[in-house]
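[1] Sharing a model that was predicted from the sequence below.
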Amino acid sequence: MRYDTRFCTHCAAPLAPITLEEDGGARERLRCPACGWTHWNNPTPVLAAIVEREGQVLLARNAAWPGKAFGLITGFMEAGETPEQGIAREVAEETSLRVQSLALVGVYDFQRMNQVIIAYHAMAEGEVRLSPELLEYRLIAPERLRCWPAGTGYALADWLRTRGITPEFFDFFTGEKIAPPSRSLP
């Protein structure tokens, strides 16, 4: 287990890995030996949208990504908003598009980033104007979309299946076609 938090947010004492009976005696967590505060390290909810405009899906390239990788519109849910309000806000902030309707696609595990992704299909309208966070975008017909083997790529694959399209997968960074990954329950 990787720990980025090292000090108690309440009393500033150094945290220590401590196992307590209240957690079933089997889970080590960072806790404060001085005041008892626990760093839970719970996954962060992230919102994602398969943005459809005029029959095409918008994929965007984030400024922080290497190469020419394109992905879904994503963002963090903010305090005081529902997931639906949050993804509509993110789509507007990142693309200037107005969401007309939303449908839940699914919820996806993204352990590498300690996130849980809540993915929606968003019907949107307007003229695309990207935020500085995004470098470029593409509008792609659903039957030409390719998926990637990670949280939002699985959401896109599930959405394509609902439209009768068998998803193809590729490596997000190299662009090479890969076999469909298997996803199984633990």
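    Nice, thanks for sending it over.

[2] Run through the bridge partners of Ala103.
    Legend: beta-bridge partners of Ala103 under DSSP bridges are His121.

[3] Give me the number of neighbouring residues for it.
    Close neighbours of Ala103, defined as other CB atoms under 10 Å, add up to 12. Any C-beta I mention is one placed from the backbone N, CA and C, and that applies to glycine too.

[4] distance of it from Ala49?
    Per CB to CB, to the nearest Å, Ala103 is found 11 Å from Ala49.

[5] likewise Ala122?
    4 Å.

[6] Next, show the common contact partners of those two.
    Residues touching both Ala122 and Ala49 (CB atoms under 8 Å, 6 or more residues apart in numbering): Ile73, Ile87, Val91, Val99, Leu102.

[7] so what's the residue of the chain positioned farthest from its centre up against?
    Distance from the C-alpha centroid of the chain peaks at Ala34, with 35.6 Å (CA atoms, centre = their mean). By CB under 8 Å, 6+ apart, the residues touching Ala34 are Cys8, Cys11, Ala13.

[8] can you map out the strands along this protein?
    16-19, 28-31, 38-39, 44-53, 56-62, 73-76, 98-110, 115-125, 134-140, 169-170, 177-178 (DSSP state E).

[9] need these in TSV with mean pLDDT, can you?
    TSV is the format used below for those (pLDDT from 0 to 100):
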stretch	mean pLDDT
strand 16-19	92
strand 28-31	90
strand 38-39	90
strand 44-53	97
strand 56-62	96
strand 73-76	97
strand 98-110	97
strand 115-125	97
strand 134-140	96
strand 169-170	93
strand 177-178	92
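
[10] what would the ones you listed look like in a markdown table with distance to Ala150?
    Output for the strands of the chain, formatted as a markdown table (distance: least, CB to CB, whole Å):
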| stretch | distance to Ala150 |
| --- | --- |
| strand 16-19 | 29 |
| strand 28-31 | 26 |
| strand 38-39 | 26 |
| strand 44-53 | 11 |
| strand 56-62 | 14 |
| strand 73-76 | 11 |
| strand 98-110 | 6 |
| strand 115-125 | 9 |
| strand 134-140 | 18 |
| strand 169-170 | 10 |
| strand 177-178 | 12 |
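
[11] Using the record's assignment, carve this structure into domains.
    By the assignment in automatic domain parsing, the chain contains the domains 1-41, 44-178.

[12] Deepest in the core, which of those domains is it.
    The highest mean neighbour count among the domains of the chain, using mean count of other CB atoms under 10 Å, belongs to domain 44-178: a mean of 17.
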